[in-house]
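A.B. asks: Got a sequence here, can you build the structure:
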Amino acid sequence: MVTKGDVFDPNCPTRVILDRLGDKWTVLVVLRLRSGPLRFTELRDGIGQVAPKVLTQTLRRMERDGLLTREVYPEIPPRVVYTLTPMGASLIDPISVLTDWAETNMPAITKAQATYDLTV
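C.D. replies: As a prediction, this is how the structure comes out:
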C-alpha cells in the first residue's frame, strides 16, 4: 500500500517536490506546454528571460520527476520535443489558479511592498 507523504516531516520527499513546483521555471514550462508539445527553442522563446542552461536543467528535473517527456527525432539536426505527461498535465489547473491569483493581486502586492519599503 502506497502511503501519502507528510509535508511537515523534514525528511519527507514531499518537500523536494514542493520546492520543484514552487520554482518559477517549472511553473512557466507547465503553462507553456499546456497547449501541446514544444521544441526547446519554442519553450525558451515563449517563456522569455530564461538562460538555456537553466531551462535545460529545469527540463531534465521535470523529466526525472515524470512531469514531462523528451522525445528525440533522428533528423539532422536532431529535433527534440517536450510534452507534459498525464501527471504533469494534472498541474495545469492548480498552477493556473495560482497564476491568476498572482496576476490579479500583483498591483495590490506591489503597492504594499512600496508602502512597506517607505517604513523601513
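A.B. asks: Distance of residue 89 relative to residue 68?
C.D. replies: Residue 89 is 9 Å from residue 68, where distance means Cβ to Cβ, to the nearest Å. Heads up, the C-betas are built off the backbone N, CA and C, glycines and all.
A.B. asks: Neighbour count for these two, which is higher?
C.D. replies: residue 68 (24 against 15; other Cβ atoms under 10 Å).
A.B. asks: right, and the more buried one touches residue 86 too?
C.D. replies: No: counting by Cβ atoms under 8 Å, residue 68 does not reach residue 86; the two are 10.7 Å apart.
A.B. asks: Need the residue closest to the centroid of this structure.
C.D. replies: Centroid check for the chain by Cα atoms, centre = their mean gives residue 26 as the closest residue, at 1.6 Å.
A.B. asks: Pull whichever strand or helix holds that residue out as CSV, backbone CA atoms only.
C.D. replies: Per DSSP states H and E: residue 26 is located in helix 24-33. Taking C-alpha atoms only, helix 24-33 is exported to CSV below (Å, rounded to 0.1, in the frame of the first residue of the first chain):
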residue,chain,number,x,y,z
LYS,A,24,9.1,29.7,-11.4
TRP,A,25,10.7,28.0,-14.4
THR,A,26,8.8,24.7,-13.7
VAL,A,27,5.6,26.7,-13.4
LEU,A,28,6.2,28.5,-16.7
VAL,A,29,7.2,25.3,-18.5
VAL,A,30,3.9,23.6,-17.4
LEU,A,31,1.9,26.6,-18.6
ARG,A,32,3.7,26.8,-21.9
LEU,A,33,3.3,23.0,-22.6
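A.B. asks: same for it, what does it pack against?
C.D. replies: helix 40-47, helix 52-64, strand 79-84, helix 92-119 (3 or more Cβ pairs under 8 Å, 6 or more residues apart in numbering; DSSP states H and E).
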